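Student: structure for the following, please:
(one chain, ligands or ions: 1)
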Amino acid sequence: MNCASCPVASATMGDGFHTFMSSGTFISFEGIDGAGKSTHIARVADLFRQAGRAVVLTREPGGTPLSEKLRELVLHEAMDPLTEALLMFAARREHLVQVIEPALARGDVVLCDRFTDATFAYQGGGRGFDWQVLAELERMVQQRPVDDATTGHAGQAGYTPEANHTPHARHTREGGYPSLRQPDLTVWFDLDPLIAAERLASARVPDKFESQPAEFFAAVRAGYARRQAEMPGRFARIDAAQSIDKVGADVSRVVSDWLQRSAA
Ligand code: TYD
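Tutor: Here you go, the predicted structure:
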């Protein structure tokens, strides 16, 4: 498909990045600490920009001034597990309302360094916090804008609990709640926690999560595997133990393949 607004399309047609998309694209990047997501997220952003797409590069917890304040608290203060989970979701709600939904409504590409799968993996898997409670919080926080949930077009209306119960809601999402906002694609950098620990040992001063033992990260990894098993359609697992170039090539390929599939 040709994209008239894209100056580089003719030179590199055939990679999914040039695929015309009429609505926004939401991609999240996940993995245990030390899996090496950051470099690759920046590369994916470049590929989309070269293809003429507007990119919003953001992260969780964080992404808005308030959510960044919550990030500081949650990454550095000891707290009760429910408080930790609630703060993650509070930061997410703000991020969705202020940044992610408006960007998707504009048709932008949102690349998010971690999203809700991290809560299930870290608070659910790592901390052993109740999975069902997290699912309830997810349902509360990730209601899609009512116009989006009913017509497929993002609207200005904000979020309404009723959106989940409308008879017109599109049943396109996995996980039982069709009108929940989820990433369209989640790139999971999967890595053995022992390799991740070696990588982190030479890195900066660890935060609250990074200083956890390898067993914690084994449980986080199992949490990601459980999420993937629950929603296989949107997950792409990358073997993050490979060389940085191979990981980069795999990331480009899964994003490109997904773009082509979703445009077909
Ligand atoms: P990370 O994304 O790795 O950022 P940086 O590269 O700056 O360290 O750090 C965020 C940390 O927060 C990471 O250890 C995972 C954790 N986290 C949760 O525990 N739950 C969540 O819901 C999210 C989004 C992150």
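
Student: which parts of the protein sit against the ligand?
Tutor: 33, 60-61, 75, 88, 113-114, 118-119, 122-123, 209-210 (Cβ under 6 Å from any ligand atom). For every residue, glycine as well, the C-beta is placed using N, CA and C.

Student: can you map out the strands along the stretch 51-200 of the chain?
Tutor: Using DSSP state E, counting those that start in this stretch, the strands found in the stretch 51-200 of the chain span residues 55-59, 109-113, 185-190.

Student: please name the strands paired to the second one in the sheet, noting orientation.
Tutor: What it means is strand 109-113. strand 25-31 (parallel), strand 55-59 (parallel) (DSSP bridges).

Student: please identify the most buried of the ones you listed.
Tutor: strand 25-31 (a mean of 25; mean count of other Cβ atoms under 10 Å).

Student: mind checking how far it is from the chain centre?
Tutor: 3 Å (Cα atoms, centre = their mean, to the nearest Å).

Student: what does that strand contact?
Tutor: Strand 25-31 is contacted from outside by 37, 40-41, 44, 53, 100, 104, 108-115, 117-118, 121, 181-191, 224, 240, 255, 259, using Cβ atoms under 8 Å, 6 or more residues apart in numbering.

Student: low pLDDT regions in the stretch 1-150 of the chain?
Tutor: 1-14, 19-22, 145-150 (pLDDT under 70).

Student: picking that back up, what's the closest of the strands paired with strand 109-113 to Ala264?
Tutor: Ala264 lies closest to strand 25-31 among those, at 14.8 Å (Cβ to Cβ).

Student: now do the same end-to-end measure for stretch 106-114.
Tutor: 21 Å (Cα to Cα, to the nearest Å).

Student: could I get the strands paired with strand 109-113 as a markdown table with distance to Ala135?
Tutor: Below are these laid out as a markdown table (distance: least, Cβ to Cβ, whole Å):
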| stretch | distance to Ala135 |
| --- | --- |
| strand 25-31 | 17 |
| strand 55-59 | 23 |
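
Student: separate out the buried members of the residues of the chain next to the ligand.
Tutor: Those of those that meet the buried threshold are 33, 60-61, 88, 113-114, 118-119, 122-123, 209-210, by 16 or more other Cβ atoms under 10 Å.

Student: show me what contacts Phe217?
Tutor: Phe217 makes contact with 32-33, 126, 193, 196-197 under the criterion Cβ under 8 Å, 6+ apart.

Student: so which bits of the one helix or strand Ala219 maps to are buried?
Tutor: Element membership of Ala219 [criterion: DSSP states H and E] is helix 214-230. Residues 216-221, 223-225, 227-228 are the ones in helix 214-230 that count as buried (16+ other Cβ under 10 Å).

Student: bridge partners for the spatially most central residue of the chain, pull those for me.
Tutor: Nearest to the mean C-alpha position of the chain, by Cα atoms, centre = their mean, lies Ser28 at 2.3 Å. Counting by DSSP bridges, Ser28 forms beta bridges with Cys112, Thr186.

Student: which of the residues of the chain next to the ligand fall in helices?
Tutor: 75, 88, 118 (DSSP state H).

Student: which residue, other than its chain neighbours, is closest to Ala51?
Tutor: Counting by Cβ to Cβ, 6 or more residues apart in numbering, Ala51 lies nearest to Phe17, which is 4.0 Å off, once chain neighbours are set aside.

Student: same deal with Leu87?
Tutor: Counting by Cβ to Cβ, 6+ apart, Val74 is the residue found nearest to Leu87 once chain neighbours are left out, at 4.8 Å.

Student: which ones are touching that neighbour?
Tutor: For Val74, the contact set (Cβ under 8 Å, 6+ apart) comprises 61, 84, 87-88, 91, 208.

Student: closest one of these to Val251?
Tutor: Among the contacts of Val74, and counting by Cβ to Cβ, the member closest to Val251 is Pro61, at 22.8 Å.

Student: for Gly233, see how far away that closest one is.
Tutor: 26 Å (Cβ to Cβ, to the nearest Å).

Student: check Thr58 too.
Tutor: Following Cβ to Cβ, the distance that separates Thr58 from Gly233 is 23 Å.

Student: good, wrapping up.
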